[in-house]
Every structure is written in C-alpha cells, then in structure tokens.
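Student: Sequence and predicted structure are below.
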Amino acid sequence: MIFSLADIDKLISVNIKDIPITNHLGEAKGTAKNLKGVLLKNLIDQAEFNAGNPKLLSEFYFVFHASDGYKVIFSWNEIYNTQTGNNLYIITEKEGKKMKEMDERILVLSSTDLKTGRRYIKGVEKIIVERAD
C-alpha cells in the first residue's frame, strides 16, 4: 500500500495533549506542543494482510524507516491489542504548522511511551510490514 500526505489529511485528526520528549535515560529533551494527529491504525487499517487466519496476525510487525536511517518496530498486537495503538499518532499539525510545513515532515509518536524519544520517528519515509519466521 502506498499512501500520501493527502491520504493522511483525509483521516479524522484529533487534538493531542502536549507530550514531554525524553531520551533513553528519561531526561527531558523538550516538549511537543499544540499537536493534532491521526491514529496510525486508522491508516494501516486500509492495508490487506495475507494472514489466512486471524491467529497469524500475531506474526506481523511494522518497521518504520526514517529519512536519517533511524528505524523503530511495532508489532501488530502492540498496535491493535494494547493501549499503545490507541495513542500512536501520525502528527498532522505541530505548533500551528501543518504536516508539510513541519521540520519533522511525517512524524509518528506514541503519546503514552515512558521514554518518548525512543519512538519519536521524524521524517518517516516508509513503513514495511513483515512477518516473523
């Protein structure tokens, strides 16, 4: 599935509370403010998974690739079977700037992570869906 900024703009955007951004040690690195976003799962719901059996969906995972080479992985169950999935957003607006005007361009973040910087993925170029062997 290929999606564009226009496809993301068609989804329902919600206000998101300000999110402190912390590094791997939990040290404050800043705050993401005045956010709006769409739930990531609302976008990937449009993809078809060749699982054959719903049980096999547990074998799928998503690799997020950023323009700077950074990669982050989320499992299918993490997105669809935990609160993380209800708080995993593609940010459509930050501090009054729309997505195409933001420095981070396509920004994905989980608002409930304890160390938010680990999965603060800016400049997302692609999301690869893979299946564990």
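Tutor: Cool, got the structure.
Student: give the contact list for the residue most central in space within the chain.
Tutor: Nearest to the mean C-alpha position of the chain, by C-alpha atoms, centre = their mean, lies Val108 at 3.5 Å. Contacts here follow C-beta atoms under 8 Å, 6 or more residues apart in numbering; on that basis Val108 touches 40, 64, 72, 88-91, 119-121, 124. In short, each C-beta sits where N, CA and C put it, glycine included.
Student: can you pick the most crowded of those?
Tutor: Ile91 (26 neighbours; other C-beta atoms under 10 Å).
Student: thought that residue was touching Lys33?
Tutor: No: Ile91 lies out of contact with Lys33 (C-beta atoms under 8 Å); the separation is 11.2 Å.
Student: Show me the helices in this protein, by range?
Tutor: 5-9, 40-44, 76-80 (DSSP state H).
Student: and of these, who's closest to Phe60?
Tutor: helix 76-80 (4.0 Å; C-beta to C-beta).
Student: counting contacts, what elements does that closest one pack onto?
Tutor: Applying 3 or more C-beta pairs under 8 Å, 6 or more residues apart in numbering; DSSP states H and E, one finds that helix 76-80 contacts helix 40-44, strand 60-66.
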